[in-house]
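>>> Okay, here's the prediction I keep looking at, along with the sequence it came from:
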Amino acid sequence: MEYFLNSKKTEIIFQNDFRIAFPKETKKVFLIDRKVYQLFKNKLCEIIDEASFFISASEENKSIKTIEHIYRFFRENNVNRSCIIIGIGGGITTDITAFAASTYKRGCRLILVPTTFLGMIDAAIGGKTAVNFEGIKNSIGTFYPAEKVFIIPKFLTKLPEKEIKNGLIECIKIALIRPSNLYDILISKKGKITFEILKMAIDLKLSICDKDLEDKNERKHLNLGHTFAHILESISNYEISHGTAVSIGLRAAAELSMQSRYIDDATYEKIIFILDFFQLPNKIPGKYKNRIKEKGLEILLQDKKATSRINVVLFNEFLSVFIKEIEKPGKILQILDSF
């Protein structure tokens, strides 16, 4: 599968085994999720043939400090713009790798090998790079598509159930944005991840990104549920996982859409059905409620998608969304408080 994002080609390569054919004539360095390396050491040792930097993947380490360590690693290994930087790991690792590659020497070659469901359909797809800054998720970043992304479902065999659900929630989000068969296929497969699901989710996302790489228009639809989710992640210091936060964020977006009369009760029920079908999170732990009231507005105003008003993606019918500017951000906090 080949896509062109702002005329830059991204090739999505699906394969059944771990034997990746990286270019042999070109200098390479690897940035690798430490846990992934430990789980798949025997397989990865077959393809890692040059210098490696290991990342302890966590939201806390998704930081400028980590990027500084990576820059030093690049300098020590004489990385230049013709070198290929290869990121192997989940969404945090691919975000960090892509950001480092996009900024070092004003841009190096980039290949990504996502190892989680979330990474395969979302984080490594579409050219966004990011690190967190002072508690605000993904507030520093660039747009820098990888030249190749390898999708190897065998990595999912050792993925914890929690991480499978994180990816499933993002897959549901993609299915809810525009008409396709993905919504029905997800339900029919009852949580089994298939090549068909991976390909369809990736194609849906990239069909949006190829028209709007820099998130100025239609690509903002992919933020469905995320305005709410980023508040939850930030106020909990990332104790609330991304998947849990997005699940509640999707429910909150449906609730606000219904209260605003953009959708009727029947449409609301269709949207919520798939989240309930997979028994995805629907409640915010009580200990965080006061933090939403205390810090929620500040986080909203720091949101990278905000202008002079708060932008939130809402539903206007089933499998259809639009961007709404909210004049009174307190409404968003009220909706969250109801969960």
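Alright, I've got the coordinates. Numbering: from 1, shown residues only.

>>> so where's this protein uncertain?
Applying pLDDT under 70 to the chain flags residues 303-309.

>>> All the strands of it, in order from the start?
2-5, 8-14, 28-33, 52-55, 84-89, 109-114, 128-133, 136-143, 148-151, 310-317, 320-326 (DSSP state E).

>>> Please state the offset of stretch 185-195 from the chain centre?
Relative to its chain's centre, stretch 185-195 lies at 20 Å (Cα atoms, centre = their mean, to the nearest Å).

>>> Any chance of the strands of the chain in CSV with mean neighbour count and distance to K189 as columns?
In this view, the C-beta of every residue, glycine as well, is placed from N, C-alpha and C. Shown next, in CSV, are the strands of the chain (neighbours: other Cβ atoms under 10 Å; distance: least, Cβ to Cβ, whole Å):
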stretch, mean neighbour count, distance to K189
strand 2-5, 16, 25
strand 8-14, 16, 17
strand 28-33, 24, 27
strand 52-55, 20, 32
strand 84-89, 26, 25
strand 109-114, 26, 20
strand 128-133, 21, 27
strand 136-143, 18, 30
strand 148-151, 23, 17
strand 310-317, 20, 24
strand 320-326, 16, 23
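
>>> could I get those strands as CSV with distance to L204?
Output for the strands of the chain, formatted as CSV (distance: least, Cβ to Cβ, whole Å):
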stretch, distance to L204
strand 2-5, 12
strand 8-14, 13
strand 28-33, 26
strand 52-55, 29
strand 84-89, 23
strand 109-114, 16
strand 128-133, 16
strand 136-143, 19
strand 148-151, 15
strand 310-317, 15
strand 320-326, 13
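
>>> Against A130, how distant is the nearest residue in space to R219 that is not next to it in sequence?
The shortest distance from R219 to any non-neighbouring residue, by Cβ to Cβ, 6 or more residues apart in numbering, is to D212 (4.0 Å). Separation of D212 from A130 (Cβ to Cβ, to the nearest Å): 17 Å.

>>> cool, and R178?
24 Å.

>>> wait, Q302 sits on N138?
No. Checked against Cβ atoms under 8 Å, the pair Q302 and N138 is beyond contact range at 11.0 Å.

>>> where do the helices sit along the stretch 201-339 of the chain?
According to DSSP state H, counting those that start in this stretch, the stretch 201-339 of the chain carries its helices in the segments 226-235, 242-259, 265-277, 289-302, 330-337.

>>> Helices of the stretch 51-200 of the chain, residue ranges please.
Under DSSP H, counting those that start in this stretch, the stretch 51-200 of the chain gives helices at 64-76, 91-103, 117-118, 161-177, 182-189, 195-209.

>>> I310 is nearest to which of those helices?
Taking Cβ to Cβ, helix 161-177 is the member of the helices of the stretch 51-200 of the chain nearest to I310, at 19.2 Å.

>>> so what are the domain limits for the chain?
Listed domain ranges for the chain are 2-158, 161-191+212-337 (source: automatic domain parsing).

>>> Quick one: closest of the ones you listed to L206.
With Cβ to Cβ as the criterion, L206 lies closest to domain 2-158 of the domains of the chain, at 4.7 Å.

>>> What's the local residue count around D203?
For D203, the count of nearby residues is 16 (other Cβ atoms under 10 Å).
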